[in-house]
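**Student:** Next one to model:
(chains A, B, C and D)
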2 protein chains.
Amino acid sequence: MSNHTPTPLSQAWLDTLQAGGYRITRPLQVIVEILANSTRALGPVNIYDLARKEYPKTGLVTVYRALEKLEATGLVQRVHQADGCHAYLRAANGHEHILLCSLCGQVVYFAGDDLSDLIARVEGQSGFTIQEHWLQFHGLCANCQ
Amino acid sequence: MSNHTPTPLSQAWLDTLQAGGYRITRPLQVIVEILANSTRALGPVNIYDLARKEYPKTGLVTVYRALEKLEATGLVQRVHQADGCHAYLRAANGHEHILLCSLCGQVVYFAGDDLSDLIARVEGQSGFTIQEHWLQFHGLCANCQ
DNA sequence: CCTATAATTGAAAAAGATTTTCAGTTTCAT
DNA sequence: ATGAAACTGAAAATCTTTTTCAATTATAGG
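**Tutor:** Below is the predicted model of the structure:
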C-alpha cells in the first residue's frame, strides 16, 4: 500500500497527538493527512471516503474516533453552517477566524478583530462573564461568484 | 383544554406565518407560543415536551415541521454550540447578536458592532464576496457563575 | 529484539435523530 | 356551507452517531 511522506503540518499534528498520549496508527495518519491539508470543510463521510482511497480498511467509526481526538487536542474544529454543523476544519489559531464559501465549502482564515470594547460593554449590560467569542463570515469565493 | 391568550410577540409570529401562506393550527400556535417567549435555546424534544403540556396530541413530527416553517420565515434560528446545533431560538433581528450561557442556555440579545472595515479588508484579501457575518458570545450568566 | 499491556481497530448491533409515507382531519378562501 | 389544499399524528424508513466486543497493533521496558 502507498505511503506518502507526511506534510510538515500533518507531521506536527501527529507529534501533538502522540504527546497527548494517543498512539499513531495508519488510519489516524491517513485521516490527519486529509484534514491537515484540506482547504475545505469535510464531514465524517467525506473523510471516510477519502481515507479509504489511501487505506481501504478504514472504518467510519475510526473516523469518528479520530475526530474526537483531534477536537479534544484542539487541532480541528467543527464548522457551523446554516444547514448544520457536521463538517470539520483545521482549528483557527489565536485570533484567527474563518470565512467560508457557502457554495463550495472553501475556507479562508483571517486574523484581526478587536472586540474587547464590545465584550466589556456586553458583560456590563448583561451580567454575564464572557468566555468565548465566535466570529464567522460567509460568502462566495472567487471561483463561485 | 386551556386556551391562553397569545402574547403580542407570538401573535405577530402567527400573523407572519399566515401572511407566508401557512395555516394556523392549534399545535403550531402552541409551538409558536413556546418559542416566542423562551429565554433559552430549546431543542425539538424540549419543545415537544412543553407542547404536550398544552396540547397533548402534539406529535414530534409536527415540532420538526413547525421549526422548518419558522426557520424558513426567519422567525427562529438554530443555535450553534460547541456540542452541537440542535437548539432553536428567536432569530436575532438586524444587527443583534446573541450571547449564550454555556450552562443553562439562557440567551441575551445585544446590538452593535461595526465590522464593515474588517469585512472590506477581508473581502479585498480573499477575493470573496461576504454575504453574512455571524458573531456569537458564550459565557456564564449572572445565575450560573 | 522480544514481550506484556493498554490503546486502537473494524464489524455489527444499538441508540438517536430526522424524514418520509399515508390516511384521516382541519383550515380557510370562495 | 363546501371543497381543495395544507396539516396532523402514527408508523416506518433513513440517516447519523455511539456502544460493544473480539482481534490487532503500538509502544514502553526488559
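**Student:** okay, how far is it across stretch A:88-96, tip to tip?
**Tutor:** With Cα to Cα, to the nearest Å applied, stretch A:88-96 spans 16 Å between its terminal residues.
**Student:** got a list of what the closest residue to A:Gly105 other than its chain neighbours touches?
**Tutor:** Leaving out its chain neighbours, the residue that sits closest to A:Gly105 by Cβ to Cβ, 6 or more residues apart in numbering or on different chains is A:Arg40, at 4.0 Å. Quick note: C-beta positions are derived from backbone N, CA and C, even for glycine. For A:Arg40, the contact set (Cβ atoms under 8 Å, 6 or more residues apart in numbering or on different chains) comprises A:Cys101, A:Cys104, A:Gly105, A:Gln106, A:Val107.
**Student:** can you list the weak-confidence ranges in chain A?
**Tutor:** Filtered on pLDDT under 70, chain A yields the residue ranges A:1-4.
**Student:** which strand is the longest one in it?
**Tutor:** Longest strand in chain A by number of residues (criterion: DSSP state E): strand A:129-140.
**Student:** Could you list the buried residues of that one?
**Tutor:** Buried residues in strand A:129-140, counted by 16 or more other Cβ atoms under 10 Å in any protein chain shown: A:Ile130, A:His133, A:Trp134, A:Leu135, A:Gln136, A:Phe137, A:His138, A:Gly139, A:Leu140.
**Student:** Specify the angle between that strand and strand B:129-140 in degrees.
**Tutor:** Orientation check (axes from the mean of the first three to the mean of the last three Cα atoms, to 10 degrees): strand A:129-140 against strand B:129-140 gives 160 degrees.
**Student:** residues near A:Leu100, how many?
**Tutor:** 25 (other Cβ atoms under 10 Å in any protein chain shown).
**Student:** which residues touch the helix or strand that contains it?
**Tutor:** A:Leu100 belongs to strand A:96-101 when assigned by DSSP states H and E. Contact with strand A:96-101 is made by A:40-41, A:79, A:81, A:89, A:92, A:106-111, A:113, A:135-141, A:144, B:122, B:126, B:128, B:130, as judged by Cβ under 8 Å, 6+ apart.
**Student:** Name the secondary structure element that contains the closest residue to DNA strand C within chain A.
**Tutor:** Of all residues in chain A, A:Thr62 sits closest to DNA strand C, with a separation of 2.8 Å (Cβ to the nearest atom of the strand). Following DSSP H and E, one finds A:Thr62 within helix A:60-72.
**Student:** other SSEs contacting the helix or strand just after that helix?
**Tutor:** Sequence order places strand A:76-81 as the next helix or strand after helix A:60-72, per DSSP H and E. In terms of contacts (3 or more Cβ pairs under 8 Å, 6 or more residues apart in numbering or on different chains; DSSP states H and E), strand A:76-81 is packed against helix A:60-72, strand A:84-90, strand A:96-101.
**Student:** Would you mark the buried spots in the first one?
**Tutor:** Yep, that's helix A:60-72 we're talking about. For helix A:60-72, by 16+ other Cβ under 10 Å, it's A:Thr62, A:Val63, A:Ala66, A:Leu67, A:Lys69, A:Leu70.
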